[in-house]
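Colleague: I need the structure of the sequence given here:
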Amino acid sequence: MGFPGTWMTESESMVYRVVPKCACSTIGQIMYYSDHGHFFDGDIHDAQAGLHKWAMDGSQDAISRTVKAHSSFAFTCVRNPYTRILSSFFDKICGIQRNGKRYRGNLVPSLIYNYGIEVGGDDGKGEFDQIQSFRRFLLFARDTIRWRRPMDPDIHWSSMSGHVSTFVVNGGRYDRIFWTERFNEGMQDVLDHIDTPHPVNLSEIPRFNESEGHGPKRAHPVEDYFDDLSMHLVYEIYKRDFELFKYDFENPANKMPTGEIDLDEIHAKLGD
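Modeller: Numbers count the residues shown, from 1 in each chain. Next comes the predicted model:
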């Protein structure tokens, strides 16, 4: 299986397991900058050079060798499951993607038909009941994850622990896992452990939120989207994420972690 979703600097200074909706655009641009002294012109997910990616055949040998030898600092970044699934809904379901089309072709029309959601019209800018539509989307997300119906789960709402685990199961070991909510602190710790061809001053790095502007603005506080049933569904889907990455399931309004991530626990539980 190898190391899907893994990026590495060409200088082999650091290895990153991408977790969608968890600052991956910013992290990728920092990696690119640290090697080249400038940012990639465009969405870093589109870069076909300047960064090793598992999805590119020419990068797989270098990534495999480095990860298995643990010769580079390996890390990933996670996010509160409540805000992550909300972000997925507004970006991927309600939003128009950068190619000017809806995400995954007929996905949104089928959700409108089968789950009764609304997305703000053809351009995603119309008024609609965000809370009701999100809760219906949550049913769909649960169906894809629990029963793989009516489709396999999408990478943007499949569990973070699922993404993180492939790296461990196939022989990798993380040196650091940090939270999006404490991004500067976590990313700085990564940079403090490595030497890069070009120095990175985090205070001067912009946030590359490539999904921003795709969809409608969230009209309510996070907690308003989650009633008792929604919280139950979220826990059913993301129980392991809450436990391993130390997030507060009981209070959707609290996006901050409640404890420290235990790397030994993660390697033990995800390495099965």
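Colleague: Tell me if His156 really is in a strand.
Modeller: No: according to DSSP: H, G, I helix; E, B strand; the rest coil, the state of His156 is coil, so it is not within a strand.
Colleague: Quick one: residues contacting it.
Modeller: 20-21, 88, 91-92 (C-beta atoms under 8 Å, 6 or more residues apart in numbering). C-beta: built from backbone N, CA, C; applies to glycine.
Colleague: ok, it to Gly121 distance?
Modeller: For His156, the distance to Gly121 equals 22 Å [C-beta to C-beta, to the nearest Å].
Colleague: swap in Tyr82?
Modeller: Note on Tyr82: its distance to Gly121, by C-beta to C-beta, is 26 Å.
Colleague: So these two - more neighbours on which side?
Modeller: A direct count of neighbours by other C-beta atoms under 10 Å for Tyr82 and Gly121 places Tyr82 higher, at 25 against 12.
Colleague: quick one: the helices in the protein?
Modeller: Along the chain, counting by DSSP state H, helices occupy 24-36, 57-69, 81-88, 107-115, 130-147, 160-169, 183-192, 228-245, 263-270.
Colleague: So which of those is nearest His220?
Modeller: Proximity to His220 (C-beta to C-beta) singles out helix 130-147 among the helices of the chain, at 6.5 Å.
Colleague: Tell me the helices and strands packed up against the lowest-mean-pLDDT helix or strand in the chain.
Modeller: The helix or strand of the chain with the poorest confidence is helix 107-115; it has a mean of 93 (mean pLDDT, DSSP states H and E). With contacts taken as 3 or more C-beta pairs under 8 Å, 6 or more residues apart in numbering; DSSP states H and E, helix 107-115 sits against helix 130-147.
Colleague: hmm, back to that, by neighbours, which of the contacts of His156 wins?
Modeller: The most neighbours of any of these, using other C-beta under 10 Å, belong to Lys92, which has 24 neighbours.
Colleague: Report whether the expected contact of that residue with Asp154 is present.
Modeller: Yes: the criterion here is C-beta atoms under 8 Å, and Lys92 meets it with Asp154 at 7.2 Å.
Colleague: Quickly list what's touching both of those two.
Modeller: Common contacts of Lys92 and Asp154 (C-beta under 8 Å, 6+ apart): Arg104.
Colleague: quick one on the thing from earlier: just to be sure, which of the contacts of His156 are found in strands?
Modeller: When those are checked against strands (DSSP state E), there are no matches.
Colleague: Of the residues you listed, just say which sits nearest to Val67.
Modeller: Nearest to Val67 out of the contacts of His156 is Pro20 (C-beta to C-beta; 19.8 Å).
Colleague: The least confident helix or strand of the chain vs helix 130-147, what angle?
Modeller: Angle of helix 107-115 versus helix 130-147, following axes from the mean of the first three to the mean of the last three C-alpha atoms, to 10 degrees, is 90 degrees.
Colleague: Give me the distance from helix 107-115 to the chain's centre.
Modeller: What separates the centre of helix 107-115 from the centre of its chain is 23 Å, taken as C-alpha atoms, centre = their mean, to the nearest Å.
Colleague: for stretch 185-197, same thing?
Modeller: Centroid separation for stretch 185-197 versus its chain: 20 Å, with C-alpha atoms, centre = their mean.
Colleague: In that stretch, which residues are buried?
Modeller: Going by neighbour count (16 or more other C-beta atoms under 10 Å), the buried part of stretch 185-197 is 186-187, 190-191, 194, 196.
Colleague: Run through who's touching it.
Modeller: For stretch 185-197, the surrounding residues in contact (C-beta under 8 Å, 6+ apart) are 9, 11, 13-14, 27, 30, 34-37, 72-73, 75, 77, 175-176, 178-179, 200, 202.
Colleague: change it to 6 Å
Modeller: With C-beta atoms under 6 Å, 6 or more residues apart in numbering as the test, stretch 185-197 has contacts from 11, 13-14, 34-35, 73, 75, 176, 178, 200, 202.
Colleague: could the helices of the chain go into CSV alongside distance to Ile44?
Modeller: Shown next, in CSV, are these (distance: least, C-beta to C-beta, whole Å):
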stretch, distance to Ile44
helix 24-36, 4
helix 57-69, 14
helix 81-88, 18
helix 107-115, 24
helix 130-147, 26
helix 160-169, 17
helix 183-192, 15
helix 228-245, 23
helix 263-270, 26
